[in-house]
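Trainee: sequence-free structure coming up:
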């Protein structure tokens, strides 16, 4: 298994998550809503009162070996918006060449995504989306409901097996969404079950905090436990930029 830690939005807890990964000799991809960073875009959707990263913190994360990429400028999937985000990240971090994108809200049609990628082929290195469409099949939905009702490993595995990537497509990278109620023991057992297989697994986080209060926040304690398991079991982590470049 090639394992990826992926984070969306750009809240100020990103720096601590990067430090935790670094402590365990792991890497990750951090997708930044650039308008949130410079104050040109504000929203309560990221959490009331939540603050953004600073540009200096972005630089520190890049120096740690993290992939810092785009999540749009105004948190939308639109080619001009991506260009604005691209230009800001290039300027702030002195980047060269293409960068990746995590699709805001995972909201797109295949036709829209293809058009978006075609317009930006000279600037876009990869696109990470949300869950696999197979998760929304009848059996996927049943497994999801049963997991949240019973919290049994078997239903976690059945639902999230759809998100294992057997044929890597850098233009549409699916992910396993980690939320407040995702138990770390289920993540650990899932990774352990498939760690020797030839596949890619992308874990999508939003915010990692000491005391989660909403569905998109995950516990620092559980995150550290997950990182410890990955490191102790010598499971190789990659950035999405590395995978997009064939590593």
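Mentor: Nice, I can see it. Keep in mind it's a predicted model, so treat the numbers as computed, not measured.

Trainee: Give the other helices and strands that the longest strand anywhere in the chain contacts.
Mentor: Counting by DSSP state E, the longest strand found in the chain is strand 2-9. Counting by 3 or more CB pairs under 8 Å, 6 or more residues apart in numbering; DSSP states H and E, the packing neighbours recorded for strand 2-9 are helix 14-23, strand 28-32, strand 200-205, helix 240-244. In short, each C-beta sits where N, CA and C put it, glycine included.

Trainee: tell me what the helix or strand just after the second one is packed against?
Mentor: Where DSSP states H and E defines the elements, the next helix or strand beyond strand 28-32 is helix 34-38. Applying 3+ CB pairs under 8 Å, 6+ apart, we find helix 34-38 packed against helix 55-63, helix 79-93.

Trainee: re earlier: mind checking the helices and strands packed on strand 2-9 for the one nearest to residue 126?
Mentor: Minimum separation from residue 126 across the helices and strands packed on strand 2-9 (CB to CB) falls at helix 240-244, 3.9 Å.

Trainee: Contacts for stretch 144-159, please.
Mentor: Identification of contacts with stretch 144-159 by CB atoms under 8 Å, 6 or more residues apart in numbering yields 135, 139-140, 143, 181, 183, 185-186, 189-190, 193.

Trainee: Buried residues in the helix or strand of the chain with the lowest mean pLDDT, which are they?
Mentor: When each helix and strand of the chain is scored by mean pLDDT, DSSP states H and E, helix 110-119 comes last, with a mean of 90. Within helix 110-119, the residues that count as buried by 16 or more other CB atoms under 10 Å are 113, 116-117.

Trainee: hmm, back to that, between the longest strand of the chain and strand 200-205, how big is the angle?
Mentor: For strand 2-9 against strand 200-205, the angle by axes from the mean of the first three to the mean of the last three CA atoms, to 10 degrees is 30 degrees.

Trainee: outside of the least confident helix or strand of the chain, which residues touch it?
Mentor: By CB under 8 Å, 6+ apart, helix 110-119 touches 77-79, 82, 103, 108, 124, 127, 129, 171-172.
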